[in-house]
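Enquirer: Here is my input; please provide its structure:
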Amino acid sequence: MSDKIYDLGAGFWNIQGSFRLGGIINVGTQCSLVRLSSGGFVFLDSYTLTDDVRSQVMALTDNGQKVEAVLNVHPFHTVHCAQMAKDFPQATFYGSERHRKQVPAVQWSDDLVESKTVAKRYSELEFSMPKGIYYISPNEKVHAGSLLVYHPASQSLHVDDTFMSPPSKLLKALLPELMLHPTTKKALKNEANAGKQYCDWATQLAHQWRDTRHFCAAHSSMVNFEVGSFEQALLTAIDKARPKLERA
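Expert: Residues are numbered from 1 along each chain as shown. Model prediction:
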């Protein structure tokens, strides 16, 4: 499966790439490119660009010179950070505390990617951190936590792992078009009402970002929602999971 870049309009491009578990099973990954009002660009997540996708990105960004920053929004997505830093050496790299520890070769900004400082710096984007679950889980196998990013101009939502869609046509026929990450229950914080906090956060998000048309998720295929459909799909997923999460 070759990498693909999708122009979602209003200065937002989503890149669907490859990531192989054990070098065999391709579960896919992603990054997104956003054009700022200044004319500069930022990436959401790191990915090693190759072939036609790399050529298209370089053509858009003046051979990479207009890339101002890379916002690495998932603490456990670190594989491509070092290469991305080599490809865009002039860019500011933002990440979580885990990024700094896992990839010390990258010169990370002092401002954490999830900070209010970074959110204020990029007014074209809206950010949301899940409540009730760990952003950086103490269990290295639990990846449900991530910083979600919404681009209102293109109605595009970039999300790694926290929410997902079926990755194949076969699974799409059997499963809902939007689901919670399977490790969500394991990601709950050890505190009272953690499950309720998470479900209430996700419910509020469904309303706040109800206009989402393009759902861009890692390890999933992209979903293009009709007007209003995203809100209902997320509410359905939360309503189904709420009893189990609130009992945890």
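
Enquirer: And the longest helix along the chain, what does it pack against?
Expert: In the chain, taking DSSP state H as the definition, the longest helix is helix 229-247. Contacts defined by 3 or more Cβ pairs under 8 Å, 6 or more residues apart in numbering; DSSP states H and E place helix 229-247 against strand 179-180, helix 184-187, helix 194-208. Using the backbone N, CA and C atoms, a C-beta is placed for each residue, glycine as well.

Enquirer: a markdown table for those, including mean neighbour count and mean pLDDT?
Expert: Output for those, formatted as a markdown table (neighbours: other Cβ atoms under 10 Å; pLDDT from 0 to 100):
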| stretch | mean neighbour count | mean pLDDT |
| --- | --- | --- |
| strand 179-180 | 22 | 94 |
| helix 184-187 | 21 | 97 |
| helix 194-208 | 18 | 98 |
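
Enquirer: Which of those sits closest to residue 154?
Expert: helix 194-208 (16.4 Å; Cβ to Cβ).

Enquirer: what's that closest one packed up against?
Expert: In this structure, helix 194-208 packs against strand 126-128, helix 229-247, with contacts taken as 3+ Cβ pairs under 8 Å, 6+ apart.

Enquirer: which other helices and strands contact the helix or strand just after it?
Expert: Going down the chain from helix 194-208, the next helix or strand is strand 214-217, by DSSP states H and E. Strand 214-217 sits against strand 12-17, strand 29-35, strand 156-159, strand 163-164, strand 223-224, with contacts defined as 3+ Cβ pairs under 8 Å, 6+ apart.

Enquirer: What are the buried residues along the longest helix of the chain?
Expert: For helix 229-247, a neighbour-count test (16 or more other Cβ atoms under 10 Å) marks 229-231, 233-235, 237-238, 241-242, 245-246 as buried.

Enquirer: Right, I'll call it a day here.
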